[in-house]
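> make a model of this:
(2 chains)
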Amino acid sequence: MPPKRRASPTMQGGPTPVKRRIAVDKTPTKSMPKPANGVVSASASKKVAASAASIRAARRKLASLEVHDRDASDDGLNVVKSPARPAAATTPTPTRHPPVPRKAAPPKPVPRAEDYVQAYPDEPEAQPAPSTSTNPSVQSSVLLPRTLPSTLHPFLQAQRRAILRALAHPPLHSPESQKAIGQLQELLVGTIERGEGNSCLVLGPKGSGKSRAVEEALSSLASTSYGPKQLPIVIRLSANAQLNDKLAMREIGRQLVRQTGSCGFIVPDDDEEAEVEAPVQAEDEEDEPVAPSFALPSQAHIPTLIATLSTLPRPAIIILESFDLFATHARQALLYCLLDAVQSCRAGTGTSGIAVLGVTTRVDCLNLLEKRVKSRFSHRIVRVPAPNALSDFTALAKTLLTTPIEQKGSAQSAKWTRMWGESIDKLFADRTCIKVIKETFEVVKDVGLLCRILTTPILDLTPTSPWLTPAQFASSAETQRCTSKFPFLRDLSYPCLALLIAAHHASSAGHETITFEMLHDAFSRAVSESAGINVSVDGAGVGMHRVKREVMLRSFEQLVASHVFQPTAAHSAVVAKQYVKYRCVPERDEIKNAIERAGYTMLKRWFTRWGQK
Amino acid sequence: MLIHPSLARLSTLLAFQPPPFVFVHDPFDSLALYDFVGNISAGEADMQLAFAQVNAVECFNPRVLYTRIVNALAAWEPIWRTGGECWGGTERGQWDPSWDTFVETLRQLRQHLTLNEKGIANPSEPLAQLPSNEGPHFVVVFEKAERLKDLLPSLLIPLTRLSELAHIPITTIFHSAAPWSDVRPSFAAAPEPYHLPIPPLSQPETLHLLASLFPIRPDAPKISPYHSSLQPLYGFFIEAVYSVCGSNIKEPRELAYIAAARWPGFVSPLLEDWKAERDRVHGSDNEHEYEDDVGSHREKRRLAGEEVKGQRDGPDVAYPLPTEEGRMRLLRLFNQTFSSALTSLYPRTTHARAWARHNRATYRLSQPFDSHHNLLDISKAAVSPLSSLTRLAKVLLVASYVASFNPAKTDIRMFGRTPGGMRKRGWRHGPRKARKGKIAKASKPAARLTGPASFPLDRLIALYGLILMELDDIDVETSFAELELLKVHVFTTVTELVQMKLIHRASANSSASSHSGANSAAGGAGEKLEGSTLYKSNLDFDAGCRLAKEIGLDLTNLLWDSNN
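Next up, the predicted model:
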């Protein structure tokens, strides 16, 4: 038990020590789900050494917090303090340090968004004046004002900016991906320094950072000091854009011309044909003022490009995105030529090296290769895994959200950092938030998705609502994960909802394919039945509204346009539009929810009446 | 400019850190009346943003798409005199429309713009790669992006990956009414976008938006529907329109269309009053009739220009807005026309101008209420184009309807006769009910609801004969009947009806291919009618009933399951 508890703060640890304290405080009382605090990640255990220093820092920070707390309560403002414990309690037990609420609010098992935002009108400028707190049991965490004082507005803006930047480029910090980058670097260094011919496959699930790993390996090469003779030519191809080998060859030529022509190096005349002539020829052909590097090698040279790759004065690195799609090209000619060039590349013979990196998500990619292609491939596979522990995932989210802002040094910025860290801690102690992250992790393990989920709440921050809430988090996750295909059903107009109900009833009756006539017929029957109810409220009948056929037809078209109804057959000019067969896509539950939340009583009655019959 | 709350989020994102790919799901077309690019460029961006907005319906082939994007990003206007040359085009014409060239052009455009910004005027020298944090950030917005999947399927994946393929900072925004799962290419080949759902506008938002669309014309004369003094009344009018149409229409654009069509008519009684007041003050020398037609602005402006302004809009004439009671009167007068506008303008059975012309009011607000009848009987039944057909064509159309909606098996039961010419009994019983005790299968929906079935020509001719018998036009005993049915004129009429699309050819291509050029050049008159050509009726039930009534029959008596 003790080591586990010791480890948990480091695992949750972000840069600010305050956060650590809170996280530990809450752990026993708020009954966080197991995976969030129970798992000790490998990276966390490495950080144990660093934790001692951060504990000291936490104590220092706490002193200032106490001051802040005292200031606030001295002002006589209506402040509800959250349960707090002394700074020494880095490893507390619930029995020894029960939460001491200062005002009424009993500790709730699940804290909600409203609980975090304390009533706190424009607070006074809290200066970290030297002061001591007398009673350790009433020390509080930083109080988060409901609206942000104007002095802190720039910091909120800077924080949003910093976090959005970080979200756009999430770090690749897991040891596995570092290993992958290391392998790639090794391979590239072999090609560049020793002139080797290398081929390898970078394999990993979607969103795991394959391309980022490749880019990182490349950029690490750029930072090392290679002479102009060794700086590699990087050719990037993607099977999504280069749909066939001809286009791919053209693109290779174009990129070669751009990189060799623009770097201004001089090519020895004897062993170069294509690349020397190409720029010259091309510029002769196409004399356009704005577009100099439209130049291409002449048509005759394009097929020989790959053969001349190894004769280039600089090593070439060819990156093939969507490698599996290149295997679908005719006779796999490009792959064959490239891999053949790689294989025939002899180190130490004076030729420059070639590296071919295929990037793909397909695990059975090698099976797609023809025998002659496969035998030329080195079968070297670099795997880039997705984060494989929930704690890594949570820690990543937390690191991203606590990205430090640029303006540092002032007391205000320290205060802001503290408050922000506090709000993030509270967010991550919440059950809803943890559930969202856990679900995301369990479904896709995609860091990109996590970043997209985090983006919307950050965008929605304003000085009047400056803190992230779990509710924002949950709704953003719902949107970004597309949990519902038709989230707008309940906002549909009355005729559209009526058509949906009719479609629902038709499918209950066994008619999965529907036409407009069927739906309209069902609707007009329902209207006339409900008109038979001889009751009126305030002089108006309570029956269903009658809607003209033309309006219904237009509403039907509206539903078709938003893909709620999808045609079951290809469009035919012979079939009149009211008889075109469609299928109702939303599930019964979705329709039911929509009807119940839309608030048309008579429609609801029509919807449920069928079930009772 | 109005800012949509959801787009404000996007503009912040673009200003801080533009994502590579955004999907805007807008099922209610709520953004139609907003300036999309204006909205999303409203944020104070860190970098310079360049926008291009293209419509996927309009850009139907790669060349159009590429040139549109590049020209918009470069703010380049093709000029007719220079051959409509696009940005970066060579003197001999356009650049070739391949993906690689497009991407290359984008790169060069970025370089060009960056250099221009820096003041370097000589872009012809080969340049080193620009660092990614310099230069403008491109944003390309695709309207109706769901069409890309049908029109340019091979471009869909590259466009979603534009930023990684082009290696320049560029954001692709798809704006679509369809959900992402229907737009995205198969096999998860596209990266996941940042999703931005657009919720429908709430009632206050819609009202605010519509009220902000009031077209104030600074040069409008005082007595015109678009004078700024009428703006408060416009707000009231919008609320009234919304209360009638709001539950049926969620798209603000459609509401705005109805409002635009109705507004000149709505204020015309008031304007008539004002005019009368003006004439009273200035004497009745102004003979110009005010026209409430929405399309006649040009004429109005001409009239306004001819007249001396001071004479027309004398400062001494007060033009009061209607009181609460007056507004209620207006509402009572026009409430019914709002729903008529809904039924004819929302489905676009007619256009706003024609509708406004039909529904103009020719009285004054201060007139007593009884004289307003002309507004209430505006909904004249349109004359059906079918009633001008010949009797032969009508009978053939009814026969085609019966042939399409009755199963062929039931013909003998519906129309069978004894040798004496008497009708067989039990011809009107309809489909048999399922027996008790049997497990009921899902009943088939009525033929009337599932659509017409196809039938051969022979059956049409036979039914034509039977219907003639029902009408007692021909006597079945005589051999004359046969002659009557197989007259050339009958076939010609069928062909004509097919040409008028009242009857569809279900098997169009099979016989069309057999005709050589000479025959088809004769306008289809030489088309082969016998053989296996199949037809389908293109009448709906109401039209069928009307035609049957005109020839003196009850259509429901001729249909097998008419009671369903």
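> now the residue in the stretch 101-250 of chain A positioned nearest to chain B, what's its secondary structure?
When you check the stretch 101-250 of chain A against chain B by Cβ to the nearest Cβ, the closest residue turns out to be residue A:164, at 4.1 Å. For the C-beta atoms, the positions are set from N, CA and C on the backbone; glycine is no exception. State at residue A:164, reduced to three classes by DSSP: H, G, I helix; E, B strand; the rest coil: helix.
> and the residue lying closest to it once chain neighbours are set aside, how close does it get to residue A:459?
If you skip the residues right next to it in sequence, residue A:164 has residue B:17 as its closest partner in space, 4.1 Å away by Cβ to Cβ, 6 or more residues apart in numbering or on different chains. Separation of residue B:17 from residue A:459 (Cβ to Cβ, to the nearest Å): 10 Å.
> work out for me the element residue 214 sits within.
Answering for chain A, as no chain was given. Per DSSP states H and E, residue A:214 falls inside helix A:210-223.
> ah, no, chain B please
Take DSSP H and E as the rule and residue B:214 turns out to sit in neither a helix nor a strand.
> surely it meets residue B:234?
Yes - using Cβ atoms under 8 Å, residue B:214 makes contact with residue B:234 at a distance of 4.8 Å.
> which residues of the stretch 151-300 of chain B lie near chain A?
Residues of the stretch 151-300 of chain B lying close to chain A by Cβ under 8 Å from any Cβ of the partner chain are B:154, B:157-158, B:161, B:164-165, B:167, B:177-182, B:188-189, B:191-192, B:194-195, B:197, B:199-200, B:247-251.
> give the ChimeraX command for selecting the buried subset of those residues.
Buried residues among these (16 or more other Cβ atoms under 10 Å in any protein chain shown), as a ChimeraX selection:
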select /B:157,158,161,164,165,177,178,179,180,189,191,192,194,195,197,200,248,249,250,251
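> among the residues of the stretch 151-300 of chain B next to chain A, which are located in strands?
Members of those lying in strands (criterion: DSSP state E): B:194, B:195, B:197.
> show me the shaky parts of the stretch 251-400 of chain A.
Counting by pLDDT under 70, the low-confidence segments of the stretch 251-400 of chain A come to A:261-300, A:347-348.
> can you give me the strands in it?
Per DSSP state E, counting those that start in this stretch, the stretch 251-400 of chain A carries strands over the ranges A:316-321, A:354-360, A:381-383.
> ok, now chain B?
Remark: strands assigned in chain B by DSSP E are B:21-25, B:49-55, B:137-143, B:170-176, B:194-197, B:455-456, B:503-505, B:534-537.
> same question, chain A
Assigned by DSSP E, the strands in chain A fall at A:197-203, A:233-238, A:316-321, A:354-360, A:381-383, A:513-514, A:536-537, A:540-541, A:565-567, A:582-584.
> make a markdown table from the ones you listed and add mean neighbour count and distance to residue A:525 to it.
Formatted as a markdown table, these follow (neighbours: other Cβ atoms under 10 Å in any protein chain shown; distance: least, Cβ to Cβ, whole Å):
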| stretch | mean neighbour count | distance to residue A:525 |
| --- | --- | --- |
| strand A:197-203 | 24 | 59 |
| strand A:233-238 | 22 | 56 |
| strand A:316-321 | 24 | 57 |
| strand A:354-360 | 25 | 56 |
| strand A:381-383 | 18 | 61 |
| strand A:513-514 | 22 | 15 |
| strand A:536-537 | 8 | 21 |
| strand A:540-541 | 10 | 17 |
| strand A:565-567 | 17 | 20 |
| strand A:582-584 | 19 | 18 |
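> mind putting the ones you listed into TSV with distance to chain B?
Formatted as TSV, those follow (distance: least, Cβ to the nearest Cβ, whole Å):
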stretch	distance to chain B
strand A:197-203	15
strand A:233-238	6
strand A:316-321	8
strand A:354-360	11
strand A:381-383	19
strand A:513-514	9
strand A:536-537	17
strand A:540-541	14
strand A:565-567	8
strand A:582-584	12
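> who wins for proximity to residue A:556 among those?
Within those, the stretch nearest residue A:556 is strand A:565-567; the backing value is 7.3 Å (Cβ to Cβ).
> what pairs with the closest one, and is each one parallel or antiparallel?
strand A:582-584 (antiparallel) (DSSP bridges).
> which outside residues touch the strand it pairs with?
Outside of strand A:582-584, the residues within contact range by Cβ atoms under 8 Å, 6 or more residues apart in numbering or on different chains are A:500, A:503-504, A:506-507, A:512-515, A:560, A:564-568.
> please repeat the previous calculation with a cut-off of 10 Å.
For strand A:582-584, contacts defined as Cβ atoms under 10 Å, 6 or more residues apart in numbering or on different chains pick out A:499-500, A:502-504, A:506-507, A:512-516, A:518-519, A:556, A:559-560, A:564-569, A:591.
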